[in-house]
Each structure stands twice: as structure tokens, then as C-alpha cells.
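# Give me coordinates for this.
(chains A and B)
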Amino acid sequence: QVQLVQSGAEVKKPGSSVKVSCKASGGSFTSYTINWVRQAPGQGLEWMGRIIAIVDLPKYAPKFQGRVAITADKSRSTVYLELTRLRSDDTAVYYCASEGGYWGQGTLVTASS
Amino acid sequence: QAVVTQEPSLTVSPGGTVTFTCGSSTGTVTSGHYPYWFQQKPGQAPRTLIYDVAERHSSTPARFSGSLLGGKAALTLSGAQPEDEAEYYCLLSYNGDWVFGGGTKLTVL
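The predicted structure is shown next:
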């Protein structure tokens, strides 16, 4: 069974960047496709992008293109989401989720001055 | 980008049956959209109930089932329990890009 464990909560200033990690266990990391999903307070789920670990190939939702980077470190079985030029409306819980429906516990990112 | 539509809210009586639907702005939902269904309760991460149309995730109760129905993906809850009161989201995959529906708030009353 796949387990995804995310890094802890972050508080960042608008205009700065944040990097959230998602460590996978319980399977073969290189067989994973890991997606990043966020949920703003009181809102629904929003897909940000994914990475196919075996070929290290990311794909981003158009809304986030140019502001997001998803990378994978095979040696650490860890996927990273970096979001730059943070705005206050980026305040949300960020989740990693695998194909097959396994979810991380979520990471609250607060963008506030 | 495609838009995925769900009922904003549904109500079911305890022990009753309710069906959620998930439509696509691009047309008929097929198995090639690999429909997922998630349950989310306040303050919790989403929990996967169904993937690939009708596959139950580990620990998904048998009262939840998935299907394709009338050009949409569907989630049927048979024998609703009070603990099933939650928000339910569907997800469709468009060539690997995920698009979520807006969610359906289920009330068990």
C-alpha cells in the first residue's frame, strides 16, 4: 500500500516562494505518477500538475504554468512542488496524490504579510 | 479546459439510496476518463472511494459503487449511514490532466 507523507505547514510573505515535499513509500517510486492538488479555504479541489517519476516528466495546469515547478528525487523517493511569486489567494492546503487514489495528509501554506 | 459538473447538493434518508453524477463539458464520460470519486469531511484530506469507474479503494465500504450511467460517471450509495454526510468530489482525467467537479454536499436526514 502506497503511503505519501508531506512536509509541514509553511507561512510565507507574498511575492516569495514555497517548496512542499511528498515522500512516497510502499511501492516502486519510479512507477508513480504523483499529482499536486490544492484546496483554498472553503473551496473545492484544484489540480495543479503532475510528474511521471519514471521519466521525470512534469505537466502543469495552464493556470499555474510559469509559476509552478514539480520535481522528483528518485534517491529520496520524494516529489516536490515549488510555487513562486506567492499571492494571498495561494493560501490553501496542498495535497499530493498518486494515480490509484492515495493521498498525502496535506500541507497548509499561508501567504500573508 | 474541460468543465466537470456535479449536483451542488443531495439529501438522502438514513438507509436510503442516492446517486451522484459527474458530467463532462466535452461530451460523454467514458472509461478513458478513469473517473474517481472522493469523500471529504471537514478538516480532513480527501478519501478515495472509487477509481477507474468502479474499482473500490482499500477500505471503501461495499455500499458505495461506481458506474457509467447516461453519458456520465455515477456514484451510488445504497443504505446511507449518518457518517456518510460529507462532500463528494468526482475527478475525470483528460489525457492524464485531472479536472475536478465542484463537489456535492450530501446531507443524511
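# Those residues of chain A touching chain B, which are they?
Applying Cβ under 8 Å from any Cβ of the partner chain, we find that chain A lies next to chain B at A:1, A:33, A:35, A:37, A:44-47, A:50, A:59, A:61-62, A:95, A:97, A:100-106. Using the backbone N, CA and C atoms, a C-beta is placed for each residue, glycine as well.
# What residue in chain A comes nearest to chain B?
A:G101 (3.1 Å; Cβ to the nearest Cβ).
# and the gap between that residue and A:Y95?
12 Å (Cβ to Cβ, to the nearest Å).
# Pull the contacting residues for the residue sitting furthest away from the middle of chain A.
The C-alpha centroid of chain A is most remote from A:S113, which lies 22.5 Å away (Cα atoms, centre = their mean). By Cβ atoms under 8 Å, 6 or more residues apart in numbering or on different chains, A:S113 lies in contact with A:13-14.
# Repeat that for A:I70.
Contacts for A:I70 (Cβ under 8 Å, 6+ apart) come out as A:34, A:36, A:48-51, A:58, A:60, A:79-82.
# swap the cut-off to 7 Å and go again
Residues in contact with A:I70 (Cβ atoms under 7 Å, 6 or more residues apart in numbering or on different chains) are A:36, A:49-51, A:58, A:79-81.
# And A:L81, by the same measure?
Here A:L81 is in contact with A:20, A:36, A:68, A:70, A:94 (Cβ under 7 Å, 6+ apart).
# For the third one, name its beta-bridge partners.
For A:V68, the beta-bridge assignment (DSSP bridges) gives partners A:L83.
# from memory it sits against A:K59, does it?
No: the criterion here is Cβ atoms under 7 Å, and A:V68 misses it with A:K59 at 10.6 Å.
# anything in contact with each of those two?
Going by Cβ under 7 Å, 6+ apart, residues that sit against A:V68 and also against A:K59 are A:G49.
# what ranges do the strands span in chain A?
A:3-6, A:10-12, A:18-25, A:33-39, A:46-52, A:57-60, A:68-73, A:78-83, A:92-98, A:107-111 (DSSP state E).
# scratch that, chain B
B:4-5, B:9-12, B:17-24, B:36-40, B:47-51, B:55-56, B:64-69, B:72-78, B:86-94, B:97-100, B:104-108.
# want to try a markdown table for the strands of chain A, with mean pLDDT as columns?
As requested, the strands of chain A are arranged in a markdown table below (pLDDT from 0 to 100):
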| stretch | mean pLDDT |
| --- | --- |
| strand A:3-6 | 96 |
| strand A:10-12 | 97 |
| strand A:18-25 | 96 |
| strand A:33-39 | 96 |
| strand A:46-52 | 96 |
| strand A:57-60 | 93 |
| strand A:68-73 | 95 |
| strand A:78-83 | 96 |
| strand A:92-98 | 97 |
| strand A:107-111 | 98 |
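# how about TSV for these, with distance to B:E83 added?
Listed next are the strands of chain A as TSV, based on distance: least, Cβ to Cβ, whole Å:
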stretch	distance to B:E83
strand A:3-6	24
strand A:10-12	32
strand A:18-25	28
strand A:33-39	21
strand A:46-52	26
strand A:57-60	36
strand A:68-73	35
strand A:78-83	32
strand A:92-98	22
strand A:107-111	25
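# For the contacts of A:L81, pick the one with the most neighbours.
The most crowded member of the contacts of A:L81, judged by other Cβ atoms under 10 Å in any protein chain shown, is A:W36 (28 neighbours).
# contacting residues around the residue sitting nearest the centre point of chain B?
The residue lying closest to the centre of chain B (Cα atoms, centre = their mean) is B:W37, at 3.8 Å. By Cβ under 7 Å, 6+ apart, the residues touching B:W37 are B:49-50, B:66, B:75, B:88, B:90.
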